[in-house]
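Visitor: A predicted structure for the sequence below; I have some questions about it.
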Amino acid sequence: MKPLLTSLSKRLYSLLQIPGVYWGLVFLYLSPYLLGPEVIRVSFHDNLDGMIPSFQFLANSNVWFASNSEVVSGFLHSLPRATLGSEFNVILWLFAMFPPYWAYAINMILIHVVAFGGTYLLLRTHLLKQAAVHSIGLLALFFGLLPFWPSGGLSIAGQPLVVYAVLNLIHRKQERASLLILFLYPFYSHFFWAGIFFFGLLILVLGYSARKAPLPRLLLSAIGVMGILHIMVEYRLFLAMFFNDFHFHREAFQLQILDSWREVISLFVDHLKNGYYQSLSLHFGPMLVIFLLSIIPLQRKLSNTQVRILGLMGLLLLCSGMYAMYQSFLFVPIKESISLINTFDIGRTYTLYPILWLFIGALATRSLMGQNNWIKGVLLSALLLQTLYSFTASYEVKWTYLEPTKNLIKTIIGKGIPSELPPTFNGFYCVDNFERIRDIIGDQPKGTFTGSIGFHPAVSLFNGFNTIDGYIVLYPLAYKNTFRTIIAEELAKSQEIQAYFDDWGSRCYLFSAEVGKNVNLLSIPQIQDLALSVDALRQLGVSYLFSAVPIEHLPAGIHFLDKVDEANQAHPIYIFMIEQERQPSHNP
């Protein structure tokens, strides 16, 4: 038995010395996207529920280059162009060139390929020059297979490639390619979400490098140009923040405040441990073991590498502390005196978690490479387990491959209850149901709108219907106040949804107190009583309401029209028609 295990270990080790193996694992990880929208199951939070239809809506419009104040009709009734994002965005270009699903899939493939490739180059060229291929490849997989937020583009995923380019320019190598990387990065990232914090980290890297030798002028000029390009790409948001003639709904944010030091410390520890869902670093597991092993003092004095590792951990502590304090009573006076601080979330330092953990992993690997064979074996095992962890943490891999396979095995052996699977991409958007809806009500006349109850309005928007509701990062506060008149009675029934809408409101939905705020967990058979203002709906030009469940008691002026329930859809759709007020007749 022992000779067999030894032989298998040697074969595995030899296999891990082949760079192509790691690219193969990357494409295995990405393979669900090649199966198409009828098969793949995609994460919906901050993705299917709003971001994809938003890109699709702008891509299909003719207002790419319109002025910030020009009104675009069809999404959240009518939005100023300023709220729909920049036209200089690679993700938008993909949605303009390809059908929505394939634009999304190509975006995800590009994100992970750049993340892995950029990390591999950074490690091989600068951080782990002397390391074996398996250390570089597995550590590159750690970063390349992280569950990046799709709408973030390369904001986080491209950071290792940018650091690679910066270090190249410091050492005066690969200058043309490095300049190209720095100049293209702003077009595929979000400055206000992650870029501004990454810039701060780059300044620290440059400051550290400047201690040894003066920085090349070419590098400083390139960083300046990259900053200017960021501003040019995000020019609409810059102008809207300082020169707009309307107020954003975010200015009225009154998010739940942590009232005690105990709550602040609890949130600090939780985010240090788990990170934030939009920038997960998956470090609480094998990577944490690698970190702990690397800081064990083997001599009276810590090595330079260990000091750097602890310095990076200090930065992580600072980032987690900033996030927790921003949510607490400590920032209330600042938010009240500076509205910009309430609009711009400076707690998004969490976007630095992945790159900081990559640096920690690289330095820890460098430190452990010089230890005995037992430590090296633990390092290799931990990196392999980290790769396995990345696969199981992928929503697409889990729900497209792993859970259906488990269900099949349970069915074959007759043991266990098969788990309920989330809808596919097309199933979530009820594509077949909406084809039937078009057959029933025809094409939507210009100037008429729909509303959605019990499911995300993004579904209606994705299928080409004008909506008065939706989920968006920025929209006018005045519209939020107008929309509130429609759902005022429903909000009065539930403190939870009232606080959810009034204190936040980025989900501008036709809430039902019986459904609650989380329409993803819809579990009621029907809505007993729906109290919406029909007059307010009419004033916004609403002709039809779509609901995921039947409604027993409707306001006067709304009546049931039909139900559609095609196979493999997330839910049926009940169609309700709003009777328009009759115009008074003028008898001669």
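Guide: That came through fine.
Visitor: Return the set of buried residues in whichever helix or strand residue 479 is part of.
Guide: Taking DSSP states H and E as the criterion, residue 479 maps to helix 477-493. Across helix 477-493, burial judged by 16 or more other C-beta atoms under 10 Å covers 479, 480, 483, 484, 486, 487, 490, 491. C-betas here are computed from N, CA, C, even on glycine.
Visitor: Enumerate every residue touching the residue most central in space within the chain.
Guide: Nearest to the mean C-alpha position of the chain, by C-alpha atoms, centre = their mean, lies residue 149 at 2.9 Å. Neighbouring residues of residue 149 by C-beta atoms under 8 Å, 6 or more residues apart in numbering: 46, 47, 155, 156, 278, 279.
Visitor: any idea how far residue 551 is from residue 530?
Guide: 5 Å (C-beta to C-beta, to the nearest Å).
Visitor: Overlap in contacts, these two.
Guide: The contact lists of residue 551 and residue 530 share residue 453, where a contact means C-beta under 8 Å, 6+ apart.
Visitor: part of a strand, is residue 536?
Guide: No - secondary structure of residue 536 (DSSP: H, G, I helix; E, B strand; the rest coil): helix, not part of a strand.
Visitor: residues near it, how many?
Guide: Neighbour count for residue 536, taken as other C-beta atoms under 10 Å: 17.
Visitor: Quick check: which element contains the closest residue to residue 199 other than its chain neighbours?
Guide: Leaving aside its sequence neighbours, residue 199 sits nearest to residue 227 (C-beta to C-beta, 6 or more residues apart in numbering; 7.0 Å). Assigning secondary structure by DSSP H and E places residue 227 in helix 217-233.
Visitor: which residue ranges form the strands in this protein?
Guide: Assigned by DSSP state E, the strands in the chain fall at 71-73, 78-80, 449-453, 470-471, 507-508, 527-529, 542-547, 551-553, 558-564, 573-578.
Visitor: strand partners of the first one, parallel vs antiparallel please.
Guide: Paired neighbours of strand 71-73 in the sheet (DSSP bridges): strand 78-80 (antiparallel).
Visitor: Quick one: distance of the partner strand to the chain centre.
Guide: Centre-to-centre, strand 78-80 and its host chain are 23 Å apart (C-alpha atoms, centre = their mean, to the nearest Å).
Visitor: what does stretch 247-261 give?
Guide: 21 Å.
Visitor: And residue 161, how far from residue 107?
Guide: Distance from residue 161 to residue 107, by C-beta to C-beta: 16 Å.
Visitor: still on that earlier bit, tell me what the helix holding residue 479 is packed against?
Guide: helix 495-503, strand 507-508, helix 534-539 (3 or more C-beta pairs under 8 Å, 6 or more residues apart in numbering; DSSP states H and E).
Visitor: quick one, that helix and strand 542-547 angle?
Guide: Orientation check (axes from the mean of the first three to the mean of the last three C-alpha atoms, to 10 degrees): helix 477-493 against strand 542-547 gives 50 degrees.
Visitor: distance between helix 477-493 and the chain's centre?
Guide: Its chain's C-alpha centre and that of helix 477-493 lie 27 Å apart, by C-alpha atoms, centre = their mean.
Visitor: quick one: average pLDDT of that helix?
Guide: Mean pLDDT, helix 477-493: 96.
Visitor: Contacts for that helix, please.
Guide: With C-beta under 8 Å, 6+ apart, helix 477-493 has contacts from 76-77, 246-249, 251-252, 451, 468-469, 497-498, 501-502, 505, 508, 510-513, 530-533, 536-537, 540.
Visitor: now stretch 176-192
Guide: The list of residues contacting stretch 176-192 from outside it, by C-beta under 8 Å, 6+ apart, reads 88-91, 152-155, 158, 161-162, 164-166, 168-169, 195, 218, 222-223, 225-226, 229-234, 237, 344.
Visitor: which residues does residue 110 contact?
Guide: Neighbouring residues of residue 110 by C-beta under 8 Å, 6+ apart: residue 154.
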